[in-house]
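K.L.:
Model the following, please.
(6 chains)
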There are 6 protein chains.
Amino acid sequence: MLKKNVINFIGCDAEYEEAKVVLYGAPFDSTTSYRPGTRFAGQAIRNESYGLETYSPYQDKDLRDCHVFDSGDLELAIGDSEKVLAAIEERAGEILKDGKLPFLIGGEHLVTLGSIRAVAGQYPDLHIIHLDAHTDLREDYLGVKLSHACVIRRCWELLGDGRIHQFGIRSGEKEEFSWAAEGHTNLHPFDLEGLEETIENLKGKPVYFTVDLDVLDPSVFPGTGTPEPGGVDYMTLQRAVTAVCSNVNLVGCDVNELCPPYDASGVSTAVACKIIREMLLAIGR
Amino acid sequence: MLKKNVINFIGCDAEYEEAKVVLYGAPFDSTTSYRPGTRFAGQAIRNESYGLETYSPYQDKDLRDCHVFDSGDLELAIGDSEKVLAAIEERAGEILKDGKLPFLIGGEHLVTLGSIRAVAGQYPDLHIIHLDAHTDLREDYLGVKLSHACVIRRCWELLGDGRIHQFGIRSGEKEEFSWAAEGHTNLHPFDLEGLEETIENLKGKPVYFTVDLDVLDPSVFPGTGTPEPGGVDYMTLQRAVTAVCSNVNLVGCDVNELCPPYDASGVSTAVACKIIREMLLAIGR
Amino acid sequence: MLKKNVINFIGCDAEYEEAKVVLYGAPFDSTTSYRPGTRFAGQAIRNESYGLETYSPYQDKDLRDCHVFDSGDLELAIGDSEKVLAAIEERAGEILKDGKLPFLIGGEHLVTLGSIRAVAGQYPDLHIIHLDAHTDLREDYLGVKLSHACVIRRCWELLGDGRIHQFGIRSGEKEEFSWAAEGHTNLHPFDLEGLEETIENLKGKPVYFTVDLDVLDPSVFPGTGTPEPGGVDYMTLQRAVTAVCSNVNLVGCDVNELCPPYDASGVSTAVACKIIREMLLAIGR
Amino acid sequence: MLKKNVINFIGCDAEYEEAKVVLYGAPFDSTTSYRPGTRFAGQAIRNESYGLETYSPYQDKDLRDCHVFDSGDLELAIGDSEKVLAAIEERAGEILKDGKLPFLIGGEHLVTLGSIRAVAGQYPDLHIIHLDAHTDLREDYLGVKLSHACVIRRCWELLGDGRIHQFGIRSGEKEEFSWAAEGHTNLHPFDLEGLEETIENLKGKPVYFTVDLDVLDPSVFPGTGTPEPGGVDYMTLQRAVTAVCSNVNLVGCDVNELCPPYDASGVSTAVACKIIREMLLAIGR
Amino acid sequence: MLKKNVINFIGCDAEYEEAKVVLYGAPFDSTTSYRPGTRFAGQAIRNESYGLETYSPYQDKDLRDCHVFDSGDLELAIGDSEKVLAAIEERAGEILKDGKLPFLIGGEHLVTLGSIRAVAGQYPDLHIIHLDAHTDLREDYLGVKLSHACVIRRCWELLGDGRIHQFGIRSGEKEEFSWAAEGHTNLHPFDLEGLEETIENLKGKPVYFTVDLDVLDPSVFPGTGTPEPGGVDYMTLQRAVTAVCSNVNLVGCDVNELCPPYDASGVSTAVACKIIREMLLAIGR
Amino acid sequence: MLKKNVINFIGCDAEYEEAKVVLYGAPFDSTTSYRPGTRFAGQAIRNESYGLETYSPYQDKDLRDCHVFDSGDLELAIGDSEKVLAAIEERAGEILKDGKLPFLIGGEHLVTLGSIRAVAGQYPDLHIIHLDAHTDLREDYLGVKLSHACVIRRCWELLGDGRIHQFGIRSGEKEEFSWAAEGHTNLHPFDLEGLEETIENLKGKPVYFTVDLDVLDPSVFPGTGTPEPGGVDYMTLQRAVTAVCSNVNLVGCDVNELCPPYDASGVSTAVACKIIREMLLAIGR
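P.N.:
Presented below is the predicted three-dimensional model:
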């Protein structure tokens, strides 16, 4: 008897019961302020992951030895941000309830809020490590509060001062930088300097890790909604995500803002895939 | 003294006071169910219109002899459909109040609802002529009522049975076709057959004309969110829009669903531009 | 408990046991003489089918009422044509053995040979209806006999004279046209004229239907390995495949030569999806 | 001993001495008013011609039986129109002097003027059959007289009234249409109607044939500098060029305005190749 | 009353009278030797600048606090280099006359000559800082003296030895490097080493700054006419332009050679926008 | 008399007899496991090389002073790997027999095997320097032994342990890395560290140099079949190939895995061209 056509991220074919990490995708981009299309990221990432090996010579580990379940993309109510966030929160909550780590693939960055709502509910002392080109700290964007440009501000409303550690930030309004500097977030501008120290400081505390891939330079990662020149190179990001995932008490994470239609070469998707593989391998350690 | 950089649709450089027709763009695509990007249509159409002449040998008329004002694109609250519709309604209302014809450039098809709200408020006996590949008659789409897949249903709620005349329809759920067949709309499937007769029947009545450019075959118009093979060819559409705009009592109109990122050849934008030119010339008669 | 990520052609989610038709993909293009990339067709077709509805107003039928199982793409030995054909033959044979109709999604046209080997084994009096721009009748191509340019010649070797009915053919070597004219195949050049009569003549006989989508004009279907201007338009092909699938004793079929990398607009994939939908609906009658 | 890498249009490998027709390319686009890039046409056409067969089932003739020499692209002084025209005129003159037919591959349409200067010098009673979307009859374009938008006007200055027969014209300024209507050219708008009669009337007279490929609808031929919707379909053009090349006393010709960078699918180049093949075969009759 | 559709570079909405810097575009590429299309740069830069913020965390300054007027693109006589240069010179002269700094957005690099003619007229002791991959020092290019490949040589003819300081140069003919080495220009090959010292040396002298963006590595900036691997990275260029614009007596400048059609990802345009923003902010200091 | 259209890599127009180096292309990609299209590399490289200069300021040398013959692309039996390898071996053998250095332009990496067969026959003590992202050491790939994923393993079978020196390797199966570590090859992971020492050690020995361009980071070289993030930057590779070609006893070489269809910007092809130029100049020393 023939089998159904199951499409996973490469090497992530554990049964749900045995899985320690669960991938789930949120194909949503309704609040994207510039170039939409991140909704296609999950699909692209799964399909293109087959250009990668399951083995990483960097970590000398193989995805086939990890236990990752890929639950595919959620079916989301395009155009209604609240419903979308509720669906993400529900999925993340279910994964947490089953004692597994929820690994979200965006979508635009707003999807992180759904995931954080679930995780923060379970871990009130949650910290967030946030890699991004943009502050994402606006109070609202053209009057809209549920926007990818405001997502970290919304997370802050849940967690409070001193919990959010931002790296690579090189774009935002003056007011956002000032607001952060008042002590609301620990904002490290331009590059990933200080990450090692933050990892050290967060030892033992529950950490959510959100990676907006536009922290990379657009030469490395052109396929994103709001490309911002001046970002980090690929190996810098790979080392950073490996360090975070290997060394903190990770309780949830996401990778977001891949916008496949804007990179016909497929290289941005390949970058996203390899970053996800290295994160999964490091988590699995 | 140097002048500011004013960008109009070609030949549409009337002063506002003297204008009979006013273009305005709604760069919105948050509810697009498949491939977003129609937000870039207004900008692309203005820029690429310079590949056209202002003169049409088909109608032997010149845009320079018409009186069209181009007010540019609205600044819209991406991600909040209600706010967006309110802004469109307000703009359309202002144009109507000044005794001019509002000509809306989408954006996704949902933008039509904002315009219809304004126009129907002024013309309670309004009829709509609707060219499209899709029925757009769903009660909701994954629970969302303000969706481009539901826009004609929402218009029907404002106008009631027998007011909406649909042409070219070749895609939808069975329930949508059945619902239309119950007398709610006059749905002409597959092509534009029957349009001449409808124009004849609507003589004297106020008519809103909404053109979803995906009524065209995707070979002619690949740059759209939901391409649906089997549509009409270019000259069929040009003749149809000329006939409508020349012969009905037009009180408002829109052209929508150009999605420039999906046609790098620029041909879809060129098609949109020429359709708009022919409509403007026919209105001007 | 979360479910695995099953990706089907839209509406083709029957269980294997209840299915009457079984889709299977052959991601192979190693013998493509010009522009490779058809290996990505199956994946693209499944992903993009969600831009379509399951309901067809042309046939007033819905895929949700058919019983189609999608077994996904085979894992093929890229670079070894014999192994690939054996794998295709085995899959087709298994589907036939289970009393279901094998529906193959290419890949390049050579994949048809694997399917024909299985089907002809079960139906020795098999006829083939072949839509294509190209003759595909070469004895060999630069010394290679297992080539997409020779596939119908290879099928003829299995079936003999008078069994193959070719339509739409507008490209080939003079020798191929002459060879066909000697009575080996019934070659109808340029368009689909004569198809109705062929359908009539084949009433009751087992028929395999192979659709090389480059029978379409490249304006409709640019995303193919060897575009050949002068083909049929979309509705002509849709009507033809509906007529064949509704009226012959179909025992196997395939749709091939979609090459997604050469059509970034996605329109070629949309065309392939709609043709497949209409075929499935017509088969289901 | 290894041979040099000679790249011809497919099947055009005659020695110069035996050739009856000589291809030469003019990679020039400096006066293009909208989207430049036709300079790459000659190279693209030669490379992509290998996707075609040398045999045409339409004419039952084979390029291998014709005697065509391909002299490649000229090296042109980009940025200096007069020098460029002189180089084209010189090449065309040399071919004519050797008793062969010069077949020019553009480049933008201005290149025709160089060729016409040579041909008209030899045939004072020359007529031109001109297929195009655009009138090309401006006196000047933003003050520039050597512009692709003025090329037919420049030819008229050499030949006078009644010698130029234009077909397919659907774009221009009102003044251009009026000027033509004063008897300067025989302008047939919109399609190729009247071409048969013109061919009949020109029997015996020397004819130059210039084909601006944008006479085609952009759905068929998106890769051009100024796409103009509403053109003829592929087979209409193929039949027209075959009729002209088979039936007039052809003394020179060109095919121009393919702009490969604007059609990544390569289909526009395939169209240009097939039109050239059919012209060469018809000339060879 | 509705307002006209004014399109500026983001944040550059000063009134002309109050402006200190005036942007103007020269959409010209007729002498481009390889891949044309820089004519579309000005338009692309204005449109895409909205993906940027007006605030720069690098300089802690905001464009809304500067006084920049954007006069849009000139309408240029495509195909006639002398007329084009005259128009640029006239515009630059007018801006200078009004006591403002002219900031030119190319187009190909030849446009710099028009601007230099105006500026050198006013500042006879002018120096030029020139960032580029290419020498641009040819006496002529295929016989054409007004070519982008000769532009710095033409500028040298106006200014004489020792006035031109070239950085990043990694491509040219041997003769060009030799000619420079004779003391005609100060050519710094390969990277931007020595720029700090040059800035120091030029203190107090009037400086024109011309930035050919292909000084960047093509990984950072693929969208250009003649990509030359081995260039500088983004931050190196950003730091360099900030240093120049902050520390010299700047009397005119330009940014050129963005060719949007060759980078569909839009990243090259984003790079151009951010470089322009940082230059404007540094000038405004 | 007009000349034939000879297309060479820029500056490589020596007569065969006088040539010291002979370029030949192998347009083959039938075993490509992920994204095919390298067959178009040779053609693209020749055409696009005209965007380069023949002079290199890095080496202060000019291709016009070298003696390189370009024999163009082989005509290969697409779909039959053994025939293809035989044709490559024959061509390489002929060049070697004539006392010249064979310089192969792929195609996928499997083509190296044909070349190595010829070279190893003449130089039994041959060493290979191999730059690549991938190990290419599999015993077979899905049962296929002649695969680009196995090519270095096949070369090892000809040469034995200790002869192959791999650099830049960052992808492969765990088993491949282990197998190399058993002493079969000298595998240097991740970057080009150790290359200088290897060059030193190989002084005097015959060396074949194979450059899989995907050793570069995909930001520099997106146009390849299997992009693998984390590679070296452009100047690192340029310096490496210059060092190898200048300092070893080079008896054959190749550059492979450029896949032009996946980089519409053309930058990957420009990178390939410049690497080839620097290699040719260094060989010519």
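K.L.:
What residues of stretch A:277-285 count as buried?
P.N.:
A:R277, A:E278, A:M279, A:L280, A:L281, A:A282, A:I283, A:G284 (16 or more other CB atoms under 10 Å in any protein chain shown). To be clear about C-beta, it is placed using only N, CA and C from the backbone, and glycine gets the same treatment.
K.L.:
quick one: is the helix or strand containing the second one near chain F?
P.N.:
Looking back up the chat, that one is A:E278. In this assignment (DSSP states H and E), A:E278 forms part of helix A:267-283. Yes - Helix A:267-283 reaches chain F (CB under 8 Å from any CB of the partner chain) through A:V267, A:A270, A:V271, A:K274.
K.L.:
With distance to chain C as new columns, can the buried residues of stretch A:277-285 be given to me in a markdown table?
P.N.:
Output for the buried residues of stretch A:277-285, formatted as a markdown table (distance: CB to the nearest CB, whole Å):
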| residue | distance to chain C |
| --- | --- |
| A:R277 | 17 |
| A:E278 | 22 |
| A:M279 | 19 |
| A:L280 | 16 |
| A:L281 | 21 |
| A:A282 | 23 |
| A:I283 | 18 |
| A:G284 | 19 |
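K.L.:
for chain A, what spans make up the helices?
P.N.:
Applying DSSP state H to chain A gives helices spanning A:41-48, A:81-97, A:111-122, A:151-159, A:174-179, A:195-201, A:234-247, A:267-283.
K.L.:
Next to chain C, which bits of chain A? Give me the list.
P.N.:
Contact residues (CB under 8 Å from any CB) of chain A with chain C: A:1-8, A:16-17, A:22, A:24, A:43, A:46-47, A:69-73, A:91, A:94-95, A:98, A:264.
K.L.:
Just the ones of those residues in strands?
P.N.:
In strands, judged by DSSP state E, the following of the residues of chain A next to chain C are found: A:V22, A:Y24, A:F69, A:D70, A:S71, A:G72, A:D73.
K.L.:
Max pairwise distance over these: which two?
P.N.:
Greatest spacing in those, by CB to CB: A:F69 and A:D73 (14.0 Å).
K.L.:
Quick check: pLDDT value at the residue lying closest to A:K174 once chain neighbours are set aside.
P.N.:
In this structure, A:K174 finds its nearest non-sequential neighbour in E:Y55, 4.5 Å apart by CB to CB, 6 or more residues apart in numbering or on different chains. The per-residue pLDDT reported for E:Y55 equals 98.
K.L.:
pLDDT score assigned to A:I199?
P.N.:
For A:I199, the model assigns a pLDDT of 98.
K.L.:
Thought A:N247 was touching it, still the case?
P.N.:
Yes - with contacts counted by CB atoms under 8 Å, A:I199 reaches A:N247, the gap being 5.1 Å.
K.L.:
which residues touch the residue in the stretch 51-200 of chain A that chain B sits nearest to?
P.N.:
For the stretch 51-200 of chain A, the residue closest to chain B is A:G79, as judged by CB to the nearest CB, at 3.3 Å. By CB atoms under 8 Å, 6 or more residues apart in numbering or on different chains, the residues touching A:G79 are A:S30, B:S30, B:T31, B:S81, B:Y141, B:V144, B:L146, B:S147.
K.L.:
7 Å - rerun?
P.N.:
Neighbour list for A:G79: A:S30, B:S30, B:T31, B:S81, B:V144, B:L146, B:S147 [criterion: CB atoms under 7 Å, 6 or more residues apart in numbering or on different chains].
K.L.:
Against C:V144, how distant is the residue of the stretch 151-285 of chain A found nearest chain F?
P.N.:
Using CB to the nearest CB, the closest approach of the stretch 151-285 of chain A to chain F is made by A:S265 at 3.8 Å. Per CB to CB, to the nearest Å, A:S265 is found 31 Å from C:V144.
K.L.:
Pick out whichever of the two has more residues nearby.
P.N.:
Each of A:S265 and C:V144 has its neighbours counted (other CB atoms under 10 Å in any protein chain shown); A:S265 has more, 27 against 22.
K.L.:
Just name the closest of the residues of helix A:267-283 next to chain F to chain C, please.
P.N.:
Checking the residues of helix A:267-283 next to chain F against chain C with CB to the nearest CB, the nearest one is A:V267 at 14.2 Å.
K.L.:
That closest one against F:P222, yeah?
P.N.:
Yes - using CB atoms under 7 Å, A:V267 is in contact with F:P222, at 4.3 Å.
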